[in-house]
Structures are given as structure tokens and as C-alpha cells.
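1. Here is my input, please return the structure:
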Amino acid sequence: MHCYVINLPTAVARRGRVAHELETCCPDVSWSVPRMFVASDMTDEQLTDVYDSKRAWELHGYEMSRGEIACALSHQSALRTFLGTDAEICLIVEDDVVFSPAVGRFLKSVDAWFSGRRTLPLCVMLSEVSAIRLWNAKSMDGEFRLSKVIDGCGAIAYVVNRKGAETILKANAIPLTTTSDDWAFYKRNGLVVLGVDRVLAGSNDFGREDSSLSEGRRMMYEAMRGRRARVPFLFAKIRAVCVRLKLFWWWVSGVDRKGVNRSNERLYLMDRRKDVNL
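-> This next block holds a predicted model:
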């Protein structure tokens, strides 16, 4: 399997860190950095050409930041590079990834699992996404279990096949309308998004709080919170009922009364990688 790393040309230290992660935890995986897009290098005219602000607002109710646009373009660059090869699946990671030692075994298993499902547009997230998974998880090989993700975000590490890459590129064709990790959007456009029953990849956040990407996220959430405060009373009540129904669904699908996700009881803790010298 080949891995495409989302890494800016100037982020040399991050590239060295992710190389060490891959070589230590995934020694059988080759890797490369495809063409990257840097937000600060893009002019306003270039951004206008690659981003549909009006359509993004209609679909999601918020504007993408310059960093989010560049990040989405970089992920798409990785997907297009992958489709230019003969490979059936690939791993895509961002350069702040931290792996569980189990990831090497998982990648070997998922390679065989994908081989019998080439006609399906599949994407498997390796990180602990903000998702509650269906209770009927299917065993992939006796050690790992996969299930469909109800909702989720985050693109720190994921495995995708050719059909899945084509589906993502088609759904978010240029000019872009959404981010690289809007999995609910991609699901609505035909992508089968799966999650694994343990954390296989996390994020070692190297000062990302100062990045334009995080600033864009913060502004988006602030804007959304402001709009929620102005929702009419009736709609607010309907939304409250929907939230309670969703919480009930979470409970029957894997969350106990204390709010602990039962499906996550055996998740690997990323700060306890005692058997790997990282």
C-alpha cells in the first residue's frame, strides 16, 4: 500500500515526524507527498476560480476559510495522484498523524478486505472521529471490526479505494463547495464511510491553534452559534426533539447511560504506545 502525506513544502519538521511514524508503525507502506496547495500563496483570483462561495453557503451555511480551501485542494491532489496509478486502495494522512502500533496489522487486513469490494465507493477512517457507530459492526478479520459511520469529521488518516476517490472528487468538484473532511456530505453523495472499532490514528497537534485552518473553524462555529440563537421558537423546539431522538439512537447503538461509548471500551489509548519507540 502507498501513503500520500498532506504536508506543506515549508513544514520540514512535520515531514520528518510523519516519516518516522510511517517507518516505525507501517514499515511495509511506501509514502510520498503529492502536489500541495498553500493558502498564503493563492491570490484572491485563484481562490475565486476554485471555490464557489455562494453554493457553499447554500449547502452548509458557512464560508470556507483560505486554509480549508487549500487543504481540500491538497487532499484532492492526493486522490488524483492515486487515481493516476494502478493501485486499488491508498492511505492518506495529514502530517500531524500519530499511529497506534496496531495500524500495520490493520492495513494488511484491510487490503484483503477491500479487494473483494472494488465496485463499492469505500472510505475507512482510522481516527477517533466525532461519530457514533452502528451497533452491528462487522468483523473484518477477527481482530478488527468495521461499521458504517452515522456522522463524522476529521481527515487525519483514512483508507480509500478507487471508486471512493472518484466519488469524493465528483461530489466536491471544482469549484469547491465543502471541506476535505465533510464525511456527512460525501455520504449523501454516495460514499460508503466506515469506521474501525479502535483508534488507529490520532493527532499530534504541532501548534495548529495558530493556523488559518483552525481560525477558519473557530469563525465558522461562532457564526453557526449566532444563527442558532436567532432560530424561531417553534423551530428551536423541533430541533430539541430531534436532538433527544438522536441521543436515544446513540444510546441504543453503543452509548450507555453515563455517556460512555460502549463501542470504544477497547480503543487503543494514543498516549500508551509503550511498545513503540516514538
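
2. Report the residue spans of the stretch 151-278 of the chain with pLDDT below the cut-off.
-> The stretch 151-278 of the chain contains residues with pLDDT under 70 at 151-152, 205-236, 239, 243, 246-247, 249-278.

3. Then the stretch 1-150 of the chain?
-> Low-confidence segments of the stretch 1-150 of the chain (pLDDT under 70): 128-138, 150.

4. So which residues of the protein form strands?
-> Listed in chain order, the strands of the chain (DSSP state E) span 2-6, 30-32, 89-94, 97-99, 122-125, 138-139, 145-148, 157-161, 192-196, 201-203.

5. Quick check: phi and psi on Val38?
-> phi -110, psi 120 (degrees, to the nearest 10).

6. Then Val199?
-> Backbone torsions for Val199, taken as degrees, to the nearest 10, come to phi -80, psi 120.

7. Residue numbering should commence at 804 henceforth.
-> Noted, 804 is the first residue going forward, which turns the last one into Val1002.

8. what about it, neighbour count?
-> 20 (other Cβ atoms under 10 Å). (C-beta placed from N, C-alpha, C; glycine too.)

9. can you check Thr813 too?
-> Thr813: 11 surrounding residues under other Cβ under 10 Å.

10. Look up the closest residue to it, ignoring the ones flanking it.
-> Val841 (7.8 Å; Cβ to Cβ, 6 or more residues apart in numbering).

11. For the residue nearest to Val995 when sequence neighbours are not counted, which residues are in contact?
-> Nearest in space to Val995, with sequence neighbours left out and distances taken as Cβ to Cβ, 6+ apart, is Leu925 at 5.1 Å. Contact partners of Leu925, counting by Cβ atoms under 8 Å, 6 or more residues apart in numbering, are Phe917, Val963, Asn964, Lys966, Gly967, Leu994, Val995, Leu997.

12. closest to Thr981 among those?
-> Among the contacts of Leu925, Leu994 lies closest to Thr981 (Cβ to Cβ), at 12.3 Å.

13. From Leu910, how far out is the closest one?
-> Noted for Leu994: a distance of 20 Å to Leu910, by Cβ to Cβ, to the nearest Å.

14. Let me know whether Val996 touches Pro924 as I believe.
-> No. Contact criterion Cβ atoms under 8 Å: Val996 and Pro924 do not qualify, at 9.5 Å.

15. returning to that earlier point: how about CSV for the strands of the chain, with distance to Arg883 added?
-> Converted to CSV, the strands of the chain look like this (distance: least, Cβ to Cβ, whole Å):
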stretch, distance to Arg883
strand 805-809, 10
strand 833-835, 13
strand 892-897, 11
strand 900-902, 21
strand 925-928, 16
strand 941-942, 30
strand 948-951, 26
strand 960-964, 12
strand 995-999, 20
strand 1004-1006, 23
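
16. Which one, of the ones you listed, ends up nearest to Leu876?
-> strand 805-809 (10.4 Å).

17. In terms of secondary structure, what does the closest one contact?
-> Helices and strands touching strand 805-809, by 3 or more Cβ pairs under 8 Å, 6 or more residues apart in numbering; DSSP states H and E, are helix 815-828, strand 833-835, helix 869-886, strand 892-897.
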